[in-house]
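[1] no sequence on hand, only this structure:
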Ligand SMILES: Nc1nc2c(ncn2[C@@H]2O[C@H](COP(=O)(O)OP(=O)(O)OP(=O)(O)O)[C@@H](O)[C@H]2O)c(=O)[nH]1
């Protein structure tokens, strides 16, 4: 299969002109270098969305925005006006609302102003918003040995649907509230079987207290005064559940049988899952919420039909629409409920998807997404050459998805192009640029 460069894939996006009422959403003055870089990247992303995806009109003095993502480059801010459709508004707004807040993005005396329309026509992007609080209950937790360590697989039922959603949890201190709740009449063995704590710590404490009481009564010094206990090796869940002080790395991932199980390179899903596991394992803690939303929520049957339409020349969005499905039918209520159950309320989100960020933050969500961490297709760059060539490191890689090469990813590049151009994904199609947003240090 011939290789296709990202530059070859790039095409101009049609821009229609729709007059729109403008609303100022941000007014910023000059501050720290990292704030500038962060805001710079966010604003650039907003402009990128307008340029790549929006069907509304856009006018901005984007040329005055220099030094994208580079904290050492002076930034000359000028008034920046953006116009766009309603869907762009919400995407840009969600980008700016979590990264361009007045507190951390005060930019000198020269102002940067972003203006957005209050109403306009919708673009083709459609996704539903979870309108109620979803409840999630963890049914079982099991340790899964994994190259380089282990993670804990949590299986959830939620009241959003009948699916078995999963959480892949790295880090022993991320604990499920609902898993630990006592069920009426259950024995220690029942609890062990579903992976809940059996109270090994509690029984050790009780034994120690009893021992001390006994020795006090007999006038002797307690044989043992220790307050801490070694965990029972059979019950590895004795560590107290702690609230997470630092924002862990989190991925909300949607099931893709083709990409993950049978290694299709028609999409980047297999790579994204493997890469998320690699990044989170490297940090030592974090969660992948694995939602059973196959085919962006339309299911495998419909996705395979969409594949046939794609082979007739339609892109992923049009194929869905031709089948009378929205471009994206996913909701994220279950993801929010699962994260709440795991005690994760502050996080860094691994994604390029602005709609996902918007939905996770919407409807009075208490989730604090402190930043997003881009998922950059490895085969687009040279950051980790050892995993991209035929070196022994590549052969030894524990996931075949981590060694994907340019020459096999041409179809996935087409898929990524559609995500960037039609679905507001934050991916630069220019092979010479880096990911548009960088994660600030934490
Ligand atoms: N309908 C449809 N779904 C697809 C197709 N290819 C992959 N998918 C599904 O798309 C979902 C993944 O969504 P993506 O849009 O790739 O990525 P994302 O999770 O929205 O965004 P990121 O967080 O940036 O990865 C999985 O459920 C896949 O099964 C396709 O051609 N058609």
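    Thanks, I have the structure now. Please read these numbers as outputs of a predicted model, since none were measured by experiment.

[2] next, count neighbours for residue 322.
    13 (other C-beta atoms under 10 Å). C-beta here means a position set from N, CA and C on the backbone, and glycine is covered the same way.

[3] so it touches residue 309, yeah?
    Yes: the criterion here is C-beta atoms under 8 Å, and residue 322 meets it with residue 309 at 5.7 Å.

[4] where do the helices sit along the chain?
    6-9, 33-52, 86-99, 177-180, 188-194, 200-217, 269-283, 299-311, 316-322, 333-341, 354-361, 385-388, 392-396, 410-422 (DSSP state H).

[5] what residues does this structure put near the ligand?
    254-256, 267, 269, 272, 293-296, 298, 303, 306, 316, 320, 351-353, 356, 375, 419, 425 (C-beta under 6 Å from any ligand atom).

[6] so what's the nearest residue to residue 250 once chain neighbours are set aside up against?
    Leaving aside its chain neighbours, residue 250 sits nearest to residue 347 (4.3 Å; criterion: C-beta to C-beta, 6 or more residues apart in numbering). With contact set as C-beta atoms under 8 Å, 6 or more residues apart in numbering, residue 347 has these partners: 247, 248, 249, 250, 339, 367, 368, 369, 370.

[7] mind redoing it with 7 Å?
    The neighbourhood of residue 347, defined by C-beta atoms under 7 Å, 6 or more residues apart in numbering, consists of 247, 248, 250, 367, 369, 370.

[8] partners of it in the sheet?
    The partner list for residue 347 in beta bridges (DSSP bridges) reads residue 369.

[9] low-confidence bits of the chain, can you list those?
    Per-residue confidence for the chain (pLDDT under 70) gives these ranges: 1-132, 199-245, 363, 382-395, 430-442.

[10] swap the cut-off to 80 and go again
    Under the criterion pLDDT under 80, the flagged ranges of the chain are 1-132, 199-246, 362-364, 381-396, 428-442.

[11] nearest spatial neighbour of residue 296, chain-adjacent residues omitted?
    Here the residue nearest residue 296, using C-beta to C-beta, 6+ apart, is residue 328, at 4.8 Å.

[12] correct me, but residue 179 touches residue 141?
    Yes: if you go by C-beta atoms under 7 Å, residue 179 and residue 141 touch, sitting 5.4 Å apart.

[13] who touches both of these two?
    residue 195.

[14] how near is residue 137 to residue 310?
    Going from residue 137 to residue 310 by C-beta to C-beta, to the nearest Å gives 38 Å.

[15] for residue 156, same thing?
    Distance from residue 156 to residue 310, counting by C-beta to C-beta: 32 Å.

[16] the more surrounded of those two?
    Higher neighbour count among residue 156 and residue 310: residue 156, with 25 against 19, using other C-beta under 10 Å.

[17] list the beta-bridge partners for the more buried one.
    Under the criterion used here (DSSP bridges), residue 156 is bridged to residue 138, residue 165.

[18] tell me who's in contact with it.
    Counting by C-beta under 7 Å, 6+ apart, residue 156 touches 136, 137, 138, 139, 165, 166, 167, 338.

[19] can you give me the neighbour number for residue 327?
    22.

[20] same question, residue 320
    As a burial measure, residue 320 scores 27 neighbours (other C-beta under 10 Å).

[21] buried ones in stretch 300-320?
    Neighbour-count burial for stretch 300-320, counted by 16 or more other C-beta atoms under 10 Å, picks out 302-303, 305-307, 309-310, 314-320.

[22] quick one, what contacts residue 180?
    Neighbours of residue 180 in contact, by C-beta under 7 Å, 6+ apart: 196, 197.

[23] so how far is residue 423 from it?
    Residue 180 is 39 Å from residue 423, by C-beta to C-beta.

[24] same thing with residue 352?
    From residue 352 to residue 423 the distance is 10 Å (C-beta to C-beta).

[25] for the nearest residue to residue 293 once chain neighbours are set aside, give the beta-bridge partners.
    Taking C-beta to C-beta, 6+ apart as the measure, residue 293 lies nearest to residue 254, with 4.3 Å between them; neighbours along the chain are not counted. Beta bridges link residue 254 to residue 291, judged by DSSP bridges.

[26] my guess is residue 254 contacts residue 330. True?
    Yes: if you go by C-beta under 7 Å, residue 254 and residue 330 touch, sitting 6.2 Å apart.

[27] find residues that contact each of these two.
    Going by C-beta under 7 Å, 6+ apart, residues that sit against residue 254 and also against residue 330 are 293, 296.

[28] residue 361 contacts residue 368, doesn't it?
    No: the pair residue 361 / residue 368 is not scored as a contact, 8.9 Å apart, by C-beta under 7 Å.

[29] these two: which is more packed in?
    The neighbour comparison of residue 361 against residue 368 (other C-beta under 10 Å) goes to residue 361, with 20 against 12.

[30] please tell me how far the more buried one sits from the ligand.
    14 Å (C-beta to the nearest ligand atom, to the nearest Å).

[31] any idea how many residues pack against residue 284?
    The number of residues near residue 284, taken as other C-beta under 10 Å, comes to 12.

[32] now it. Nearest residue, chain neighbours left out?
    Closest to residue 284 by C-beta to C-beta, 6+ apart is residue 171, at 6.1 Å.

[33] pull the number of nearby residues for that neighbour.
    Quick note: residue 171 (other C-beta under 10 Å) scores 17 neighbours.

[34] what of residue 279?
    16.

[35] so what's it up against?
    Contact partners of residue 279, counting by C-beta under 7 Å, 6+ apart, are 249, 350.

[36] then residue 170?
    Here residue 170 is in contact with 151, 280, 281, 284, 285, 286 (C-beta under 7 Å, 6+ apart).

[37] hey, what's it bridged with?
    residue 286.

[38] distance of it from residue 182?
    27 Å.

[39] any idea how many residues pack against residue 140?
    15.

[40] for the one 5 residues further on, same thing?
    Residue 145 is surrounded by 8 other residues when neighbours are defined as other C-beta under 10 Å.
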